[in-house]
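Chemist: I need the structure of the sequence given here:
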Amino acid sequence: MLYLKVSIMFKTTANEVWAFDAEWVPDPKAGRLLYGLPPETPDRDVIQTMWHQGGATEKDPQPYLKTIVCRVVSIACVIRKVRSDGQVGLSLLSLPKDVESEAAREESDILSRFLEGIGRNKPQLVGFNSQGADLKIFIQRGIVNGLSAAGFCQRPERPWEGVDYFARGGEAHIDLQDLVSSWGKSTPSLHELATLCGIPGKIEVSGQGVAEMWLAGDLKGIVAYNELDALSTYLVWLRMAHFGGFFNAEAYEEEQARVRTLIAERAGRAGAEHLLAYQTEWDRLQASMLA
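Modeler: Here you go, the predicted model:
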């Protein structure tokens, strides 16, 4: 008998939605502690040891490591907020905000800022493979870093009495991959789902390139890559919300126009070439969908 994983569409869209994505790399400090490596061992050598211990092969030189041994280096999210007058605001949050600041680059600062923001605003979180990965690494590494995230961790006595980010199947956290997946090879990647919907997937960089970028000191590049994944996650959420009947055709077009406006506003700043490239690729894919 064939058993399929059955998923259902989310039931609600909250007045405040955070569509987020995170980037992490093997943590050299964790590698030195776990494998007894000398303190002077270069980060690159430590990370190579971690991949080797994680089962690296010639075909898979960078195996997926347990998130507990990885360090969060960037978090980005698109924030959609319906104001009291009914107007919709859209913004793009990126951490660290200042890649040149040593304090802002610290994992503890990145995590505490993001989790405190969640705890304060109680948004509906939207991610892709976030139930098994992103949200778990926030919790694991928050504990490792000795953080306190009481607002984020707070759970209501009854499901209907408040926001609960730990309730499996609840509406406070929507994992888009979980909603469109069945078992095994039929689970789509964000790149596959986005691209086939006319939304940019991976542009030039892939997830496996993030560790090399971090070793090379290119945190700016990582944040840029992270922002694009957050935009794609948000656009996929919009499309799924349209599929679920939360936005009719006209409203869906308006929501996409807001994203284009957000990109145009941010693209006017220095160092925003990646957003212009994203818009160009989005236009190309949209045109190909109509061909």
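
Chemist: In the sheet, which strands lie alongside the longest strand belonging to the chain, parallel or antiparallel?
Modeler: Longest strand of the chain, by residue count under DSSP state E: strand 70-82. Paired with strand 70-82 in the same sheet, following DSSP bridges, are strand 16-26 (antiparallel), strand 88-95 (antiparallel).

Chemist: For it, list every residue counted as buried.
Modeler: Neighbour counts using 16 or more other C-beta atoms under 10 Å place Cys70, Arg71, Val72, Val73, Ser74, Ile75, Ala76, Cys77, Val78, Ile79, Arg80, Lys81 of strand 70-82 among the buried residues. Where you see a C-beta, it was placed from the backbone N, CA and C, and this is true even at glycine.

Chemist: One more: stretch 243-257?
Modeler: Of the residues in stretch 243-257, those buried (16+ other C-beta under 10 Å) are Phe246, Phe247, Tyr252, Glu255, Gln256.

Chemist: Can you measure across it, start residue to end residue?
Modeler: 18 Å (C-alpha to C-alpha, to the nearest Å).

Chemist: average pLDDT across that stretch?
Modeler: Stretch 243-257 shows a mean pLDDT of 96.

Chemist: From the rest of the structure, what touches that stretch?
Modeler: Met9, Phe10, Thr13, Val88, Leu235, Leu238, Arg239, Ala241, His242 (C-beta atoms under 8 Å, 6 or more residues apart in numbering).

Chemist: just how off-centre is that stretch within its chain?
Modeler: 22 Å (C-alpha atoms, centre = their mean, to the nearest Å).

Chemist: Residue numbering should commence at 20 henceforth.
Modeler: With the count now opening at 20, the last piece we talked about shows up as stretch 262-276.

Chemist: need the longest helix for the chain.
Modeler: helix 238-262 (DSSP state H).

Chemist: got the angle for the helix or strand just after that helix vs helix 238-262?
Modeler: Per DSSP states H and E, the first helix or strand lying C-terminal to helix 238-262 is helix 268-286. Interaxial angle of helix 268-286 relative to helix 238-262 (axes from the mean of the first three to the mean of the last three C-alpha atoms, to 10 degrees): 170 degrees.

Chemist: from the chain's centre, how far out does helix 268-286 sit?
Modeler: 20 Å.

Chemist: and what of stretch 59-79?
Modeler: That offset, for stretch 59-79, works out to 25 Å (C-alpha atoms, centre = their mean).

Chemist: Any chance you could list what contacts it?
Modeler: Everything outside stretch 59-79 that qualifies as a contact, by C-beta under 8 Å, 6+ apart, is 44-45, 47, 49-51, 53-54, 56, 80-85, 88, 230, 234.

Chemist: what's the average pLDDT for it?
Modeler: 96.

Chemist: Can you point out the buried residues in that stretch?
Modeler: Buried, per 16+ other C-beta under 10 Å, within stretch 59-79: Asp62, Val65, Ile66, Gln67, Thr68, Met69, Trp70, Ala75.

Chemist: Save these as TSV, and put in distance to Leu247 and secondary structure too.
Modeler: Converted to TSV, those look like this (distance: C-beta to C-beta, whole Å; DSSP: H, G, I helix; E, B strand; the rest coil):
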residue	distance to Leu247	secondary structure
Asp62	26	helix
Val65	29	helix
Ile66	24	helix
Gln67	28	helix
Thr68	31	helix
Met69	27	helix
Trp70	25	helix
Ala75	27	coil
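
Chemist: Would you mind listing the two of the residues you listed that lie farthest apart?
Modeler: Maximum pairwise distance in the buried residues of stretch 59-79, criterion C-beta to C-beta, is 16.7 Å, between Asp62 and Ala75.

Chemist: give me the low-pLDDT residue ranges for the chain?
Modeler: Within the chain, the ranges that satisfy pLDDT under 70 run 20-27, 202, 223-226.

Chemist: I'd like the next helix or strand past the helix or strand containing Phe133.
Modeler: Here Phe133 sits within helix 126-140, counting by DSSP H and E. The helix or strand immediately downstream of helix 126-140 is strand 143-146, counting by DSSP H and E.

Chemist: before we move on, back to that, which of the strands paired with strand 89-101 sits closest to Glu180?
Modeler: Nearest of these (C-beta to C-beta): strand 35-45, 18.2 Å.

Chemist: How far off centre is that closest one?
Modeler: Distance, centroid of strand 35-45 to centroid of chain: 3 Å (C-alpha atoms, centre = their mean).

Chemist: Same check on stretch 136-151?
Modeler: That offset, for stretch 136-151, works out to 10 Å (C-alpha atoms, centre = their mean).
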